[in-house]
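Here you go, sequence then predicted model.
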Amino acid sequence: MALDEESARTGVPVWWVAFAMAVDKLRAEYPEDFSAWGVNPDQRSGTVWFVGAVPEGVSDRFAGIGGVTLRGDYGVKEIVYQQFASDLHRELTEHLGSLATFSTYADDDRRVIVVEYGRSVAGDPVTKRTASLIEQATEGLALPTGFAVEYVPMDVSLIAAPELLHGARVIADVCTGAFPVKRKGGNELGILTAGHCPGTGSYDGTPDAFHSPYPYSISTESGPGGGDFRWNHSKYGLSGLTFVGHGRPLAVFNSRAGVTSGVHVCGYGKTTDRKCGNVAACDVNTTATVPDNGVTYIVGGLCRMQAAMTAPGDSGGPWFVGSTAVGVHHGRAWPGGPSAFSRVNNALWKTRVNLVIDAAGNTIP
């Protein structure tokens, strides 16, 4: 992943970014062997697991990163338990139509499939009877090897929280959010932003606003379908509205589209506010060096503007044409160069989310 002169100042642990990018490549190259990965609380070390033995030569992939432990004999492929979590969500939806808020996901580090449930359609906390029905619906299911199911009631303070968060507000004081999103096939809500921005922290002044990063929530890739983006799993409801500039009404982005050179687009960032200009070129690849370890990354699929019109802190902000979402701000196309953004279509596809258009969590495909 490229860290340009803007994104490198966000204060995000660059080790984490380098590790995540290496894992993305490893997952693609070893689909039958790859099992799981995790980042330790220090954000400077982590572990990668494999179904059986660690494939020969894999350790060389992490030689320039450091702090990585490789382990074998996990016993199950990542795609198997991730698919189980997705199928379980559909199963619960059929049995528990009265629930408006619940989600399922795999915590591969602890080897559990988490079922997190919240309030009913009426807005009340889930009753003991409904919680019992959730557990009954999972009885007898063939779990992935070594996994168990864990039932977690959502924190009461979060269930009752009145906050509805908007898109494009400040993330952890160092980045800008982009559009409100919802996970495909699930109820998890979040804020789209840049991949090099924090995955946890405060949002619009609300402390500890996000859950731990959701699986597949970050993608930093080269090539025409690539880009620099992630979505942060919100603990709060989303309004479906996005901030697009001081003194301007909040906007709903009810469509998304690709862009090409010559298109006039506008963007918002916490540092420079609203700005507009013409796209100079797309499918731009940029290369930069991570300051802490000297590792060089390539990000592709970027669209660059004709001029530099952004500054540190704008990273992750939205780019748009009218009510159509087109991009997520990356930084500069090269050090000292013009501003550049990732295509929103790539971001939504790679991170498996859709744009949210209202407080009910409705989305556009």
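Cool, got the structure. Numbering: from 1, shown residues only.

Output the below-cut-off pLDDT ranges for this structure.
For the chain, the stretches flagged by pLDDT under 70 are 1-14, 17, 43, 96-102, 118-130, 154-162, 288-296.

for it, which helix is longest?
For the chain, the helix with the greatest residue count under DSSP state H is helix 78-95.

Which secondary structure elements does that helix sit against?
Helix 78-95 sits against strand 34-39, strand 102-107, strand 112-117, helix 128-138, with contacts defined as 3 or more CB pairs under 8 Å, 6 or more residues apart in numbering; DSSP states H and E. C-beta coordinates here come from the backbone N, C-alpha and C atoms, glycine included.

which SSE is residue 223 in?
Using DSSP states H and E, residue 223 sits within no helix or strand.

which residue packs closest to it, ignoring adjacent ones?
residue 300 (4.4 Å; CB to CB, 6 or more residues apart in numbering).

again with residue 36
Using CB to CB, 6+ apart, the closest residue to residue 36 is residue 108 (3.7 Å).

Could I get the contacting residues of the one you found?
Contact analysis of residue 108 by CB atoms under 8 Å, 6 or more residues apart in numbering lists 35, 36, 37, 38, 49, 78, 81, 215.

just residue 62 next, same as before
19, 22, 48, 68, 70 are the contacts of residue 62 under CB under 8 Å, 6+ apart.

before we move on, the earlier item: between the contacts of residue 108, which is closest to residue 149?
residue 81 (11.5 Å; CB to CB).

Am I right that that closest one is in contact with residue 106?
Yes: contact between residue 81 and residue 106 holds when scored by CB atoms under 8 Å: they sit 4.8 Å apart.

anything in contact with each of the two?
113, 147.

Against which helices or strands is the helix or strand hosting the residue nearest to residue 223 packed?
Using DSSP H and E, residue 300 maps to strand 296-305. Counting contacts by 3+ CB pairs under 8 Å, 6+ apart, strand 296-305 is packed against strand 218-221, strand 227-233, strand 273-289, strand 324-332, strand 339-343.

which is the next helix or strand following it?
strand 318-321.

List the strands paired with that next one, with their directions.
strand 264-269 (antiparallel), strand 324-332 (antiparallel) (DSSP bridges).

Can you tell me what sits against the first one?
The one in question is strand 264-269. With CB under 8 Å, 6+ apart, strand 264-269 has contacts from 168, 176, 243-245, 259, 274-279, 305, 309-311, 313-315, 317-321, 326-327, 329, 339, 341.

Now restrict those to buried residues only.
168, 176, 243-245, 259, 275, 277, 279, 305, 310-311, 313-315, 317-321, 326-327, 329, 339, 341 (16 or more other CB atoms under 10 Å).

How about residue 321, nearest residue that isn't a chain neighbour?
residue 265 (5.5 Å).
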